[in-house]
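# heads up, no residue letters with this:
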């Protein structure tokens, strides 16, 4: 997990190398627990250039284990900051994921958030694995667009696996796996109020909104993560006392 901030992520996007892609992952409890079960996902997150604490439980863990001032770096908020930040720097953007309807709403939202924003391409992939020829066409379109930022909203872990797989095909571009940011900024899914997010209860809000889809994720992952968090915090406390 990276100790970072919104300002640092924006600077890293702006100063990214031109000979390779720069991969940004935004991690929450679901990411961590999926990585513990799936070695491929774990390796993918470890290869990311930056893996921000997207969820408050991860922020609290970092604060208690050596990074007391660590802020949350939440994918939807980062995207909302990056759009106007990029207008000033003439960044171009490509949107990959979701549905055509959501992408249309996201484009409109981006133009409201950042007048003058340059979205140079978008693609809503089918809900199935792409054939090699289809993926090659998508990658060619992204390269031809000249996008600085490729925003990917496929859901975890599909989006992380995708950006890791294609990173060598997209040199010089920032690949940002922001998940629910597409739906939240497009307004197709309501976002939890700030006071709920600040208390780490966004999971409860989402579970209330989509119980049939999310109950297993939250009711199994969250207790298991709390046990892991407690162990890590206690271990860090013992290390500090032993010094």
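Yep, that arrived. Given the structure is predicted, the values throughout are model-derived calculations rather than measurements. Residues are numbered from 1 along each chain as shown.
# which residues make contact with the helix or strand hosting residue 151 from outside it?
In the assignment (DSSP states H and E), residue 151 maps to strand 149-153. Strand 149-153 has contacts (C-beta atoms under 8 Å, 6 or more residues apart in numbering) with 13, 79, 82, 86, 91-98, 142, 159, 162-163, 170, 173-183. (Each C-beta comes from the backbone N, C-alpha and C, glycine too.)
# Run through the chain and note the low-pLDDT ranges.
By pLDDT under 70, the low-scoring segments of the chain are 203-211, 214-222, 224-229, 231-243.
# Pairing partners for the strand holding residue 151, with directions?
Applying DSSP bridges to the sheet, strand 149-153 is found paired with strand 92-97 (parallel), strand 174-177 (parallel).
# who wins for proximity to residue 50 among those?
Closest of these to residue 50 is strand 174-177, at 9.4 Å (criterion: C-beta to C-beta).
# which residues are contacting the closest one?
Strand 174-177 is contacted by residues 13, 16, 21-26, 75, 78-79, 148-152, 154, 156, 159-160, 162-163, 166-167 when judged by C-beta under 8 Å, 6+ apart.
# Pull out the buried residues from it.
Using 16 or more other C-beta atoms under 10 Å as the test for burial, strand 174-177 gives 174-177.
# and which of those residues is nearest residue 5?
Nearest member of the buried residues of strand 174-177 to residue 5, counting by C-beta to C-beta, is residue 176, at 15.5 Å.
# helices or strands next to the helix or strand where residue 88 lies in the packing?
Per DSSP H and E, residue 88 falls inside helix 75-89. Applying 3 or more C-beta pairs under 8 Å, 6 or more residues apart in numbering; DSSP states H and E, we find helix 75-89 packed against helix 6-14, strand 92-97, helix 100-113, strand 149-153, strand 174-177, helix 181-186.
# In the sheet, which strands lie alongside the helix or strand just after the first one, parallel or antiparallel?
So the one you mean is helix 6-14. For helix 6-14, the succeeding helix or strand toward the C-terminus, using DSSP H and E, is strand 22-27. When pairing is defined by DSSP bridges, strand 22-27 lines up against strand 50-53 (parallel), strand 174-177 (parallel).
# Let me have these in a markdown table, extended by distance to residue 64.
Formatted as a markdown table, the strands paired with strand 22-27 follow (distance: least, C-beta to C-beta, whole Å):
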| stretch | distance to residue 64 |
| --- | --- |
| strand 50-53 | 12 |
| strand 174-177 | 26 |
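# closest to residue 108 out of these?
strand 174-177 (19.9 Å).
# Could you check how far the closest one is from the centre of its chain?
How far strand 174-177 lies from its chain's middle: 8 Å, per C-alpha atoms, centre = their mean, to the nearest Å.
# same deal with stretch 146-155?
10 Å.
# end to end, how far does it reach?
24 Å (C-alpha to C-alpha, to the nearest Å).
# Now that stretch: buried residues?
Neighbour-count burial for stretch 146-155 flags 147-155 (criterion: 16+ other C-beta under 10 Å).
# residues in contact with residue 79?
By C-beta under 8 Å, 6+ apart, the residues touching residue 79 are 151, 176, 178, 181, 185.
# Quick check: the third one touching residue 28?
I take that to be residue 178. No: counting by C-beta atoms under 8 Å, residue 178 stays clear of residue 28, with 11.8 Å between them.
# Please name the residues that touch the nearest residue to residue 167 once chain neighbours are set aside.
Distances taken as C-beta to C-beta, 6 or more residues apart in numbering place residue 21 nearest to residue 167, at 4.2 Å, with adjacent residues excluded. Contact partners of residue 21, counting by C-beta under 8 Å, 6+ apart, are 163, 166-168, 170-175.
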